[in-house]
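Engineer: just coords:
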């Protein structure tokens with residue numbers, strides 16, 4: 001191997017981690033507590049020819065480091081790490097395997113799934129206890145040294161207040177792959193996502209924050225590729241600091257920054273869905289791509305009495321060990337990088353319960369959560385937990401500490417069940433509409449802590465929720481066994497597409513019911529890209545591997561019903577912006593404010609009487625109303641507000657019901673109809689309190705005091 005680089009080698013520094021341009025060259029720093037030697041391997045621009053293999057000369061505080069003069073941005077590299085190959089003790093070092101730098105800012109090339117990628121000899125009788133001597137370098141991506149300079153046009157992040165936030169979950173590729181106004185070469189990329197047509201759609205709709213499915217480097221596993229499928233969603237991250245190369249129109253991380261810059265100029269936030277709970281290296285039979293070969297015993301949670309094997313709280317084979325201080329540092333360094341260097345506005349954490357696990361289980365005072373709370377950078381952005389995992393005690397909705405928001409799956413399940421007309425769901429819906437205070441109202445948390453959703457990437461889209469009773473995942477190649485079976489969906493009388501106009505009209509009304517409930521409830525709403533114009537995935541509720549028309553938004557196929565639903569959604573979001581009473585900063589209690597003589601929330605029967613415990617306990621109760629008093633204090637300051645009051649009426653019964661409207665809280669005012677899901681164009685009528693109003697079956701009404 002060439003040695004001409006030796007004269008340029010100096011000790012460098014143990015920080016920052018990764019490959020960093022310092023002075024006239026590049027500093028390399030890699031944590032490994034158990035390695036005996038670390039070599040940095042330099043490659044030509046193609047990534048195919050190894051130019052040099054240089055041992056890092058210094059080892060400080062378990063960090064291997066060295067500086068190589070003359071190297072510049074664009075240099076391709078990887079690591080070979082020496083140490084014991086003792087799987088029974090948790091060590092899987094194999095210098096024959098080229099390893100990705102955990103701190104790499106960019107990658108080039110693709111994984112070629114061959115037996116050379118495995119640290120053991122595939123098919124050997126000793127399985128993972130065997131040792132493979134073949135070189136994996138020709139078959140793995142290479143890391144790239146990156147120039148971090150960039151001229152931002154928007155120096156500040158969007159900083160949308162929590163009470164005004166509306167999340168829009170989207171896929172980088174799926175959002176633009178079929179968008180007719182995005183140039184064909186830019187479709188499916190960050191550049192395409194930042195196109196003016198996309199941004200204008202979001203602004204016109206009224207959402208505030210786009211939440212992108214995983215955008216860090218991820219892999220597609222062989223079992224998918226063998227079936228002609230791909231990891232479309234991206235929940236298999238191997239590079240916590242690098243953007244996914246396939247989403248780049250040009251091979252430069254600046255493209256991501258330019259996209260963020262354009263969103264910020266429009267006042268929109270960019271939220272990243274991040275996966276720090278596992279990696280594609282899998283269990284003991286998985287490949288050696290990065291962490292496993294750098295220091296398996298540090299980076300992963302291993303069974304204490306059998307460290308050959310992995311703790312699998314993720315259901316994917318391995319679990320990242322955030323109890324280790326250097327691994328915790330890597331994850332928090334990654335988060336800070338995306339905030340400070342890439343200017344994102346927050347994160348949604350996949351299987352976040354895992355991140356809060358210590359060896360003894362979930363701990364809301366665990367290292368990761370404490371690190372985020374005390375960090376001046378991370379505590380200033382939006383942090384959203386998917387509060388469950390597959391391990392013991394993994395369901396932790398409401399269990400995260402102050403400062404965190406959480407996906408509220410109880411909202412999803414309750415709202416779906418209620419609008420199906422299931423008995424005994426009224427009381428649960430009442431709690432959901434008021435931000436699930438029984439779950440989140442503690443330790444000074446606010447209603448925004450409940451991220452309400454009815455659909456997400458995982459499960460039915462809105463149109464399919466009202467069009468299919470059963471999942472139709474045949475295209476996934478798993479005999480329709482994958483995906484949720486408990487969907488709480490209803491096809492309204494026919495499975496899938498139909499020419500029956502009555503069924504189609506009912507489906508449209510049910511979509512309006514679901515969207516109205518989502519966007520008019522207290523808490524933080526999250527909708528899914530395309531639900532606003534009734535896109536379909538043809539009954540597939542688990543299209544994680546469908547990088548095709550099943551998952552891509554079909555912009556040109558938006559029909560008249562889709563346009564009408566989009567206009568309805570836009571109107572709901574406008575009402576949410578205009579009416580502060582729909583996004584209170586404190587939980588609604590229904591109790592009388594003694595000094596002001598006000599009640600922030602009052603529940604009503606169709607007879608115009610206040611709901612009593614017996615009404616809620618009656619399983620047949622499917623129709624009720626809610627008054628929100630706009631004069632109730634917005635915060636804990638003891639002063640009245642001057643907002644308009646609203647009256648919401650819910651009727652999940654299939655027949656019309658006469659509802660006697662209570663009087664508006666403010667003297668001398670009338671109720672003005674703002675929303676009727678049964679007649680979406682009928683608004684503006686004014687009625688007095690005490691008036692009997694007929695509600696159509698399966699409908700929601702919103703009145704504003706005027």
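Structural biologist: Yep, that arrived. For clarity, every value in this text was computed on a predicted model and none was experimentally measured.
Engineer: Please count neighbours and contacts with C-alpha atoms only from this point.
Structural biologist: Noted.
Engineer: Now do the same contact list for residue 518.
Structural biologist: 452, 453, 454, 525 (CA atoms under 8 Å, 6 or more residues apart in numbering).
Engineer: Find the helix or strand that it is a member of.
Structural biologist: helix 501-520 (DSSP states H and E).
Engineer: Could you look up the next helix or strand downstream of that helix?
Structural biologist: strand 524-528.
Engineer: Pull the residues that contact that following strand.
Structural biologist: 162-163, 165-170, 447-457, 461, 518-519.
Engineer: What lies in contact with the helix or strand of the chain with the lowest mean pLDDT?
Structural biologist: Least confident helix or strand of the chain, by mean pLDDT, DSSP states H and E, is strand 592-593 with a mean of 81. With contact meaning CA under 8 Å, 6+ apart, strand 592-593 is reached by 598, 599, 600.
Engineer: In helices, which of the contacts of strand 524-528 appear?
Structural biologist: With helices defined by DSSP state H, the entries of the contacts of strand 524-528 inside them are 518, 519.
Engineer: out of the contacts of strand 524-528, which are inside strands?
Structural biologist: 167, 168, 169, 170, 450, 451, 452, 453 (DSSP state E).
Engineer: so how far is residue 523 from the fourth one?
Structural biologist: If you measure residue 170 against residue 523 using CA to CA, to the nearest Å, the figure is 20 Å.
Engineer: Give me the more crowded residue out of those two.
Structural biologist: residue 523 (34 against 22; other CA atoms under 10 Å).
Engineer: residues contacting that one?
Structural biologist: 163, 434, 435, 447, 448, 449, 450, 451, 452, 583.
Engineer: Redo those as a markdown table? Include neighbour count.
Structural biologist: Listed next are those as a markdown table, based on neighbours: other CA atoms under 10 Å:
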| residue | neighbour count |
| --- | --- |
| 163 | 20 |
| 434 | 22 |
| 435 | 29 |
| 447 | 25 |
| 448 | 26 |
| 449 | 30 |
| 450 | 30 |
| 451 | 24 |
| 452 | 30 |
| 583 | 26 |
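Engineer: can I get the residues you listed in TSV with distance to residue 294 and pLDDT?
Structural biologist: Shown next, in TSV, are these (distance: CA to CA, whole Å; pLDDT from 0 to 100):
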residue	distance to residue 294	pLDDT
163	43	96
434	48	97
435	45	98
447	43	97
448	40	98
449	38	98
450	39	98
451	37	98
452	40	98
583	48	96
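Engineer: between the contacts of residue 518, which is closest to residue 548?
Structural biologist: Nearest to residue 548 among these, counting by CA to CA, is residue 454 at 23.6 Å.
Engineer: Tell me the predicted confidence for the residue lying closest to that closest one once chain neighbours are set aside.
Structural biologist: Leaving aside its sequence neighbours, residue 454 sits nearest to residue 412 (CA to CA, 6 or more residues apart in numbering; 4.3 Å). What the model reports for residue 412 is a pLDDT of 98.
Engineer: distance of residue 412 from residue 143?
Structural biologist: 41 Å.
Engineer: Neighbour count: these two, which is higher?
Structural biologist: Between residue 412 and residue 143, counted using other CA under 10 Å, residue 143 has the larger neighbour count: 29 against 20.
Engineer: contacting residues around the residue lying closest to that one once chain neighbours are set aside?
Structural biologist: Spatial nearest neighbour of residue 143, chain neighbours left out: residue 107 (4.6 Å); criterion: CA to CA, 6+ apart. Contacts for residue 107 were tallied using CA under 8 Å, 6+ apart; they are 141, 142, 143, 144, 217, 242, 245.
Engineer: can I assume residue 693 is in contact with residue 659?
Structural biologist: Yes - in terms of CA atoms under 8 Å, residue 693 counts as a neighbour of residue 659; the distance is 5.1 Å.
Engineer: Counting neighbours, which bits of stretch 77-85 end up buried?
Structural biologist: 77, 78, 79, 80, 81, 82, 83, 85 (16 or more other CA atoms under 10 Å).
Engineer: Using the three-state scheme, assign the second one.
Structural biologist: Translated: residue 78. Secondary structure, DSSP: H, G, I helix; E, B strand; the rest coil: residue 78 is strand.
Engineer: thinking again about what came up before, closest one of the contacts of residue 518 to residue 342?
Structural biologist: residue 525 (25.2 Å).
Engineer: Residues in a beta bridge with the spatially closest residue to the closest one that is not a sequence neighbour, which ones?
Structural biologist: Sequence neighbours aside, residue 452 is the residue nearest to residue 525 in space, at 4.8 Å (criterion: CA to CA, 6+ apart). Beta bridges link residue 452 to residue 408, residue 525, judged by DSSP bridges.
Engineer: what does stretch 651-659 contact?
Structural biologist: Here stretch 651-659 has contacts from 418-421, 605-608, 622-624, 692-700, using CA under 8 Å, 6+ apart.
Engineer: Stretch 535-547 too?
Structural biologist: Residues contacting stretch 535-547 (CA under 8 Å, 6+ apart): 174, 224, 229-233, 458-464, 467-468, 470-476, 482-484, 496, 550-551, 553-554, 558, 562.
Engineer: and if you look at stretch 217-224?
Structural biologist: 107, 111, 113, 230-231, 234-240, 242-245, 280, 545.
Engineer: picking up where we left off before, return the distance of the residue nearest to residue 525 relative to residue 622.
Structural biologist: For residue 452 relative to residue 622 (CA to CA), the value is 21 Å.
Engineer: next one: residue 511
Structural biologist: From residue 511 to residue 622 the distance is 18 Å (CA to CA).
Engineer: same thing with residue 231?
Structural biologist: Counting by CA to CA, the gap from residue 231 to residue 622 is 42 Å.
Engineer: quick one, which of those two is more surrounded?
Structural biologist: residue 622 (25 against 19).
Engineer: list the contacts for the more buried one?
Structural biologist: 418, 421, 423, 424, 425, 426, 650, 651, 652, 653.
Engineer: Looking at the residues you listed, which one is closest to residue 259?
Structural biologist: residue 418 (39.6 Å).
Engineer: burial of that closest one, as a residue count?
Structural biologist: The burial count for residue 418: 24, using other CA under 10 Å.
Engineer: what's the pLDDT at it?
Structural biologist: 98.
Engineer: Whichever strand or helix holds residue 658: partners in the sheet, and parallel or antiparallel?
Structural biologist: Residue 658 is part of strand 657-660, with elements assigned from DSSP H and E. Strand 657-660 has its sheet partners listed here by DSSP bridges as strand 692-695 (antiparallel).
Engineer: quick check: mean pLDDT across the partner strand?
Structural biologist: Here strand 692-695 scores 97 as its mean pLDDT.
Engineer: hmm, who's touching it?
Structural biologist: Contacts for strand 692-695 (CA under 8 Å, 6+ apart): 651, 656, 657, 658, 659, 660, 661, 701.
Engineer: Now with 6 Å, please.
Structural biologist: 656, 657, 658, 659, 660 (CA atoms under 6 Å, 6 or more residues apart in numbering).
Engineer: repeat for stretch 240-257
Structural biologist: The contact list for stretch 240-257, computed with CA under 6 Å, 6+ apart, reads 103, 105, 106, 186, 189, 190, 215, 216, 217, 334, 342.
Engineer: Mind giving me the ChimeraX select for those residues, buried ones only?
Structural biologist: Restricted to buried positions by 16+ other CA under 10 Å, the ChimeraX selection for the contacts of stretch 240-257 reads:
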select :103,105,106,186,189,190,215,216,217,334,342
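Engineer: what about residue 439, which helix or strand?
Structural biologist: helix 437-440.
Engineer: Please enumerate the helices of the stretch 251-400 of the chain.
Structural biologist: 254-265, 291-299, 325-340, 352-355, 367-374 (DSSP state H, counting those that start in this stretch).
Engineer: among those helices, which is nearest residue 688?
Structural biologist: helix 254-265 (44.3 Å).
Engineer: and the closest one, how far from the chain's centre?
Structural biologist: 19 Å (CA atoms, centre = their mean, to the nearest Å).
Engineer: Report the buried residues of that helix.
Structural biologist: Within helix 254-265, judged by 16+ other CA under 10 Å, the buried ones are 254, 255, 256, 257, 258, 259, 260, 261, 262, 263, 264, 265.
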